[in-house]
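Student: The amino acid sequence is not available; the structure is as follows:
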């Protein structure tokens, strides 16, 4: 019976020997980056491993933990607040966040890309990108003031139009739609720059050939430009899925998950369980569920949306 294991080829042996030689020659480089790996392991990998372990325990963060098995996970999936309300709100807000990030910045980037005047294109890039320098917390507080049911600008506009004022974030019926309206007109500066970079990287020969063939602007966008910026679309998609599933800024600074848990999300329930209730085991279990969900969606996205576009050789 012959063995299926083949011996290393001469090329593989040469490659391995060359790698060993380079490691011995530049050995002094590895102690220089040891600190980086120690910090990475301490502040990135250790907390993640610790969360996985403590998700199976009852722990208040101070006293020794008690092994609980799957008790924390059973509590999560049987809780009407965490599993039903929080995950339902997360699904709605995440779906809207992805749609908003994929559509509106792309429209803005396409319009800027089509401007023939470089000075005008620069001006609009500056207008769209300038809000990036404003901290996210400041933006949330400004929008909270706009939504204020007593002195907010939105209710002042409704009253001036002869309409009935709304409770916005103070009513379970309008809380989620109010969060979805946040950031109107929904053109994110970072997303616009990413899309615009992809559009500017399209070879001019392809665009000029389409113009010569009589393709309209809309036809060029859907037939040429959009397929060639699939890598940018995938990047924006992944970043927004991760960010929307983990985000709870509004819940932390404004709504506190209310009213009546109308705006709660799993990330807020994780924060509340750990820092407000001292239930680190339950919080770790919520974090593990979010990790599995984000990891699964990222794998699905990578397999479904492949950046297989190649520019033709000029």
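Tutor: Arrived safely, thanks for sending. Remember, it's a predicted structure, so these values are computed and weren't measured experimentally.

Student: My guess is residue 90 contacts residue 268. True?
Tutor: No: the criterion here is Cβ atoms under 8 Å, and residue 90 misses it with residue 268 at 9.5 Å. All C-beta spots, glycine's among them, are computed from the backbone N, C-alpha and C.

Student: Below-threshold pLDDT in the chain: ranges please.
Tutor: Scanning the chain for pLDDT under 70 picks out 1-14, 304-314.

Student: if you set the cut-off to 50 instead, what comes out?
Tutor: Filtered on pLDDT under 50, the chain yields the residue ranges 1-3, 307-314.

Student: In it, where's the longest helix?
Tutor: Longest helix of the chain, by residue count under DSSP state H: helix 87-113.

Student: Just the buried residues of that helix, please?
Tutor: Going by neighbour count (16 or more other Cβ atoms under 10 Å), the buried part of helix 87-113 is 87, 89-90, 93-94, 96-98, 100-101, 104-106, 108-110, 112-113.

Student: now it, how far from the centre of its chain.
Tutor: The chain centroid and the centroid of helix 87-113 are separated by 11 Å under Cα atoms, centre = their mean, to the nearest Å.

Student: buried sites along the helix or strand following that helix?
Tutor: Heading C-terminal from helix 87-113, the first helix or strand you meet, by DSSP states H and E, is helix 118-129. Of all the residues in helix 118-129, those buried under the rule 16+ other Cβ under 10 Å are 121, 124, 125, 128.

Student: residues contacting the second one?
Tutor: Spelled out, that is residue 124. Residue 124 is in contact with 111, 112, 115, counting by Cβ atoms under 8 Å, 6 or more residues apart in numbering.

Student: My understanding was that the last one contacts residue 121; is that so?
Tutor: Put plainly, it is residue 115. Yes: Residue 115 lies in contact with residue 121 (Cβ under 8 Å); the separation is 4.3 Å.

Student: Phi, psi for residue 66 please.
Tutor: Main-chain dihedrals, residue 66, degrees, to the nearest 10: phi -120, psi 130.

Student: ok, for it, nearest residue in space, not its chain neighbours?
Tutor: residue 58 (4.6 Å; Cβ to Cβ, 6 or more residues apart in numbering).

Student: what's the neighbour count on residue 42?
Tutor: 10 (other Cβ atoms under 10 Å).

Student: related to what we said a few turns ago, what angle do helix 118-129 and the longest helix of the chain make with each other?
Tutor: Counting by axes from the mean of the first three to the mean of the last three Cα atoms, to 10 degrees, helix 87-113 lies at 170 degrees to helix 118-129.
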